[in-house]
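Colleague: coords please:
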Amino acid sequence: MTAIYKIDITVGPESIDMLKHVNNREYLRWMEEAAIAHGTSRGWTMMDYFKRGEVWVVREHWIEYLRPTFLGDQLTMYTWVQNVEGSRSLRRYALVKDGRIVSCGATEWAFIDLMTGRAKEVPQEIAESFELVSPDDERLQALGIDRPMRFDPTCI
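Modeller: Predicted structure coming up:
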């Protein structure tokens, strides 16, 4: 099981803003791409969720920008699921360049029924597809991405 998933990113011209560095919206886009890719790697494509009539939606995002990134930079986005409780899940992210964290973040996802639009408990078979990674996990330390999170969702 791939508990800590990673995607490689090469910063292209479409990501650069008027200040000649990566626009903040790109970090959020990369976080979402990593989350979807991680889910797909665990056997849960967006089509699988739609067929079930259930889907994850964002309840809250948090991003901390630590260092700028620029055109041509080679980045690695790491993502992992910290917990699943009831209808919600907390997913963490770390964006790395040259072995240093340039951004970290978190998303609180809510699992909903598409027909009603209401939150529902995450089914066991979905929850069990993702190994939970605690903030003090040695694998995070080994990757150099064990930065404490200042974001504190109240519901998890």
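Colleague: In this protein, where is pLDDT below threshold?
Modeller: 1, 151-156 (pLDDT under 70).
Colleague: Report the buried residues of the strand ranked longest in it.
Modeller: The longest strand of the chain (DSSP state E) is strand 100-113. For strand 100-113, burial by neighbour count (16 or more other C-beta atoms under 10 Å) applies to 101-112. Just so you know, the C-beta spots here come from the backbone N, C-alpha and C atoms, and that holds for glycine as well.
Colleague: chain center to the following helix or strand past it: distance?
Modeller: Per DSSP states H and E, strand 100-113 leads on to helix 124-127 as the next helix or strand towards the C-terminus. A distance of 18 Å separates the centroid of the chain from that of helix 124-127, by C-alpha atoms, centre = their mean, to the nearest Å.
Colleague: Would you mark the buried spots in helix 124-127?
Modeller: Result for helix 124-127 [16+ other C-beta under 10 Å]: buried residues 126-127.
Colleague: which residues sit against it?
Modeller: 44, 84, 111 (C-beta atoms under 8 Å, 6 or more residues apart in numbering).
Colleague: Assess the claim that the last one and Arg88 are in contact.
Modeller: Yes. Under the criterion of C-beta atoms under 8 Å, Phe111 lies in contact with Arg88, with a separation of 7.3 Å.
Colleague: what sits in contact with each of those two?
Modeller: With C-beta under 8 Å, 6+ apart, Phe111 and Arg88 have common neighbours 119, 122.
Colleague: As a check, name the ranges of all strands in this protein.
Modeller: Using DSSP E, strands in the chain cover 5-10, 54-65, 74-85, 88-97, 100-113.
Colleague: Just name the most buried of those.
Modeller: strand 88-97 (a mean of 23; mean count of other C-beta atoms under 10 Å).
Colleague: Parallel or antiparallel, list what pairs with that strand.
Modeller: strand 74-85 (antiparallel), strand 100-113 (antiparallel) (DSSP bridges).
Colleague: Dump the longest strand of the chain to PDB, keeping only the CA atoms.
Modeller: The C-alpha coordinates for strand 100-113 follow below in PDB (Å, rounded to 0.1, in the frame of the first residue of the first chain):
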ATOM      1  CA  ARG A 100      13.400  21.400   1.100                       C
ATOM      2  CA  ILE A 101       9.700  22.000   1.700                       C
ATOM      3  CA  VAL A 102       8.400  24.900  -0.300                       C
ATOM      4  CA  SER A 103       4.800  24.600   0.700                       C
ATOM      5  CA  CYS A 104       2.700  22.400   3.000                       C
ATOM      6  CA  GLY A 105      -1.000  22.100   3.300                       C
ATOM      7  CA  ALA A 106      -4.100  20.100   4.300                       C
ATOM      8  CA  THR A 107      -7.600  19.500   3.000                       C
ATOM      9  CA  GLU A 108     -10.500  18.400   5.100                       C
ATOM     10  CA  TRP A 109     -12.700  16.400   2.700                       C
ATOM     11  CA  ALA A 110     -16.300  15.500   3.300                       C
ATOM     12  CA  PHE A 111     -17.900  12.400   1.900                       C
ATOM     13  CA  ILE A 112     -21.400  13.000   0.500                       C
ATOM     14  CA  ASP A 113     -24.300  11.300  -1.100                       C
END
